[in-house]
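Asker: 3D model of this:
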Amino acid sequence: MRKLFLVLVLAAFAALTMAAVAKHGYVGIFKQQLQSLAGLQVLADLGIALLLVLTWLWRDARAYGRNPWPWIALTLAAGSFGPLLYLLSAPQRARLKALGAAGRK
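Answerer: Down below sits the predicted model:
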């Protein structure tokens, strides 16, 4: 069930991203945010949130013997796609623990 939820979130986010890139281009997405203080706040918030996620991802990957670097690189290049794909590619036991549901089925 959790995997289905992650797939749905990833699909919806991918569709939104493709539409935004098609309309504004990759750089254009950031240009829009740099035009106002409100946009800068959103970018700062996203940066802080992704830094926290990357810290968790690094520790989780190391704890399960996974290489964190591909996921870190993907997160830095494509934002939330990195952590979403990291969770989807995790072995079932690791994914349940990462989602805070260890021991529950």
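Asker: Next, count neighbours for Leu88.
Answerer: The burial count assigned to Leu88 is 14, neighbours taken as other CB atoms under 10 Å. For glycine as for every other residue, the C-beta is placed from the backbone atoms N, C-alpha and C.
Asker: and the spatially closest residue to it that is not a sequence neighbour, what is it in contact with?
Answerer: Once flanking residues are discounted, Leu88 sits nearest to Leu6: 5.3 Å by CB to CB, 6 or more residues apart in numbering. Leu6 sits next to Leu84, Leu87, Leu88 when contact means CB atoms under 8 Å, 6 or more residues apart in numbering.
Asker: centre of the chain versus the helix or strand hosting Leu6, how much separation?
Answerer: According to DSSP states H and E, Leu6 maps onto helix 2-24. Taking CA atoms, centre = their mean, to the nearest Å, one finds helix 2-24 lying 11 Å from the centre of the chain it belongs to.
Asker: remind me which residues of this protein are low pLDDT?
Answerer: For the chain, the stretches with pLDDT under 70 are 92-105.
Asker: That one: helices as residue ranges?
Answerer: Ranges of helices in the chain, per DSSP state H, are 2-24, 26-33, 37-63, 69-78, 81-89, 92-98.
Asker: what sits up against the fourth one?
Answerer: Outside helix 69-78, the residues that touch it by CB under 8 Å, 6+ apart are Leu50, Val53, Leu54, Leu57, Trp58, Ala61, Phe81, Gly82, Pro83, Leu85, Tyr86.
Asker: can you give me the angle it makes with helix 81-89?
Answerer: Counting by axes from the mean of the first three to the mean of the last three CA atoms, to 10 degrees, helix 69-78 lies at 140 degrees to helix 81-89.
Asker: Please point out which parts of helix 69-78 sit buried.
Answerer: Trp71, Ile72, Leu74, Thr75 (16 or more other CB atoms under 10 Å).
Asker: isn't Gln32 right up against His24?
Answerer: Yes: here Gln32 lies in contact with His24, judged by CB atoms under 8 Å, at a distance of 6.5 Å.
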